[in-house]
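Engineer: this is the structure alone, sequence omitted:
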């Protein structure tokens, strides 16, 4: 749900009947008292969402999905590179970007249906690159969150050794295998 209407945001949360995730559209960073700060995804309750400050700008709200871990799947052409992201702190369980030091990465293979869906999204959007984010539920279901057409991949490559940069170079050189 994207809205700047407090009543609509509250109704969305009440309809879901559980926690809602607020996510800023772009990274929000700054300094407070000489300390670097950032706004990450936050868990909210329905009663948190009637506040008039919501009217100041558009906000992104999503249903909270219980997770075993998350996956960053980087697509380069038809090559898919997937890594599980396991959070080691409470803040990273809500938004893994909030605590990189607590993260553990593992290379994984997306289920065939997920891989096919990623390729359909790339085709529909006319993209040759995408950083896809998924939640994997405790029962093993992959839940699509978003695709970023210019999403970061270096942290995944560094942690896992996945050859994403080489795949991008191959694609740009026309030697994709």
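Structural biologist: Received it, and whenever you're ready, just let me know what you need. Note that this is a predicted model, so its numbers are computed, not measured.
Engineer: rest of the way, CA atoms for contacts and neighbours
Structural biologist: Will do.
Engineer: how about the nearest residue to the residue positioned nearest the centre of the chain, chain neighbours excluded?
Structural biologist: By Cα atoms, centre = their mean, the mean C-alpha position of the chain lies nearest to residue 133, the distance being 4.1 Å. Nearest non-adjacent residue to residue 133, counting by Cα to Cα, 6 or more residues apart in numbering: residue 72, 4.9 Å away.
Engineer: so which helix or strand takes in that neighbour?
Structural biologist: According to DSSP states H and E, residue 72 maps onto strand 69-76.
Engineer: who are the packing partners of that strand?
Structural biologist: Packing partners of strand 69-76 (3 or more Cα pairs under 8 Å, 6 or more residues apart in numbering; DSSP states H and E): strand 79-86, strand 129-136, helix 164-173.
Engineer: so can I have JSON lines of those showing mean pLDDT?
Structural biologist: As requested, the helices and strands packed on strand 69-76 are exported to JSON lines (pLDDT from 0 to 100):
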{"stretch": "strand 79-86", "mean pLDDT": "97"}
{"stretch": "strand 129-136", "mean pLDDT": "97"}
{"stretch": "helix 164-173", "mean pLDDT": "95"}
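Engineer: and these as CSV, adding distance to residue 121?
Structural biologist: Listed next are these as CSV, based on distance: least, Cα to Cα, whole Å:
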stretch, distance to residue 121
strand 79-86, 13
strand 129-136, 9
helix 164-173, 19
